[in-house]
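Colleague: Okay, predicted coordinates and the sequence, questions at the end:
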Amino acid sequence: MTIVDNPQFGPETDALLKHLAELPTTPDLDPYEALLLDREDLPDPAIAGEPDPRVATEDIAVELPGRTLQARVYRHAVRPRPILLWLHGGGFVGGDLRDIEYATSLIAAYGNVTVVSLNYRLAPENPCPAALQDVYDTLAWLRENLDGDGRIAIGGQSAGGALAAGACLLARDAGTPLPDRQILCYPVLDLHPGSDWHEWYFGTREIPAGAVPLQAASLAGLPPTLMLAAGRDWLRDDALAYAARLAHDGVPTELVEYADTMHAFLNFPAALSAGRHAVELISADLQAAFSARRS
């Protein structure tokens, strides 16, 4: 495991947590009303950063059987390039591609890839496995409908990391083309019955294969992996356990932990230097991975 540490990480995290705790709340709303309101909130550029203006964006409709999903494509300079399918976090019930445009645009610029940021279906309106099926089907859709160069990576943050890992498991088990690389940022990979989202996402229904990646019998045959963890994250153990199992099952795996920073640090790059560093790290990882494969 590689530890990325910086004296700024702790104080920056403390200041951001204090700022978030002081934001106005709506205690008179029931949990579902509060969730709907939160989904409509736009990110604050003072903490979320701004998209890279050098990157061209295009909103597209991903037409899948029985549903249409929204995605935003980030391109920089010459095409075609490898495609990176990216999945936002939000506990399977919230989040939006607009929350992470600093990361998705800069990864497109610095990583030499075309980034497709997907708004998958959310619970409780669309419980598990709707989001997982969206991601799995979108991988096939991208190969047929987007002008990449034939190479695809997948990545995501928190719940999005779980969906990226789960889609790779589904592809392996179905014998469909696997992504060339997976990038999992502080992912939720196990069951967490005490969490706020668990009942809305899983409910009492049978949990399908791939929905809880840490419970897969084997991780052999999955794509080479970059795993990011946060030292002050309650999901840190998920990331470390999955990285260890990947390596044990023969999957080339790099585990990088950002010390003394928080869950979702990639959402707050204007406030957290760990988030800015991670964007650069992911970009360099993709450049190296795809350059090595082409050569």
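Modeller: Structure's in. What do you need?
Colleague: and the helix or strand residue 291 falls within, what other elements does it pack with?
Modeller: Take DSSP states H and E as the rule and residue 291 turns out to sit in helix 273-294. The criterion is 3 or more CB pairs under 8 Å, 6 or more residues apart in numbering; DSSP states H and E, and the helices and strands that helix 273-294 contacts are strand 2-4, helix 9-21, helix 101-111, strand 152-157, strand 181-185, strand 225-232, strand 253-262. Placement of C-beta: from N, CA and C, glycine included.
Colleague: Distance to residue 219, mean pLDDT and mean neighbour count added to the ones you listed, as TSV?
Modeller: Formatted as TSV, the helices and strands packed on helix 273-294 follow (distance: least, CB to CB, whole Å; pLDDT from 0 to 100; neighbours: other CB atoms under 10 Å):
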stretch	distance to residue 219	mean pLDDT	mean neighbour count
strand 2-4	20	97	12
helix 9-21	30	96	15
helix 101-111	25	97	25
strand 152-157	15	98	28
strand 181-185	11	98	27
strand 225-232	9	98	23
strand 253-262	9	98	22
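Colleague: To residue 83, which of the ones you listed lies closest?
Modeller: Among the helices and strands packed on helix 273-294, the nearest to residue 83 by CB to CB is strand 152-157 (4.9 Å).
Colleague: after the closest one, next one along is what?
Modeller: Toward the C-terminus from strand 152-157 - assigned by DSSP H and E - lies helix 159-174.
Colleague: With only the CA atoms kept, save that next one in PDB.
Modeller: The C-alpha coordinates for helix 159-174 follow below in PDB (Å, rounded to 0.1, in the frame of the first residue of the first chain):
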ATOM      1  CA  ALA A 159     -21.600   3.800  -4.400                       C
ATOM      2  CA  GLY A 160     -20.200   4.400  -7.900                       C
ATOM      3  CA  GLY A 161     -17.100   2.400  -7.000                       C
ATOM      4  CA  ALA A 162     -19.400  -0.400  -6.000                       C
ATOM      5  CA  LEU A 163     -21.300  -0.300  -9.300                       C
ATOM      6  CA  ALA A 164     -18.000  -0.200 -11.200                       C
ATOM      7  CA  ALA A 165     -16.700  -3.300  -9.400                       C
ATOM      8  CA  GLY A 166     -20.100  -5.000  -9.700                       C
ATOM      9  CA  ALA A 167     -20.300  -4.400 -13.400                       C
ATOM     10  CA  CYS A 168     -16.900  -6.000 -13.900                       C
ATOM     11  CA  LEU A 169     -18.000  -9.000 -11.900                       C
ATOM     12  CA  LEU A 170     -21.100  -9.300 -14.100                       C
ATOM     13  CA  ALA A 171     -19.100  -9.000 -17.300                       C
ATOM     14  CA  ARG A 172     -16.600 -11.700 -16.100                       C
ATOM     15  CA  ASP A 173     -19.300 -14.100 -15.200                       C
ATOM     16  CA  ALA A 174     -21.400 -13.500 -18.400                       C
END
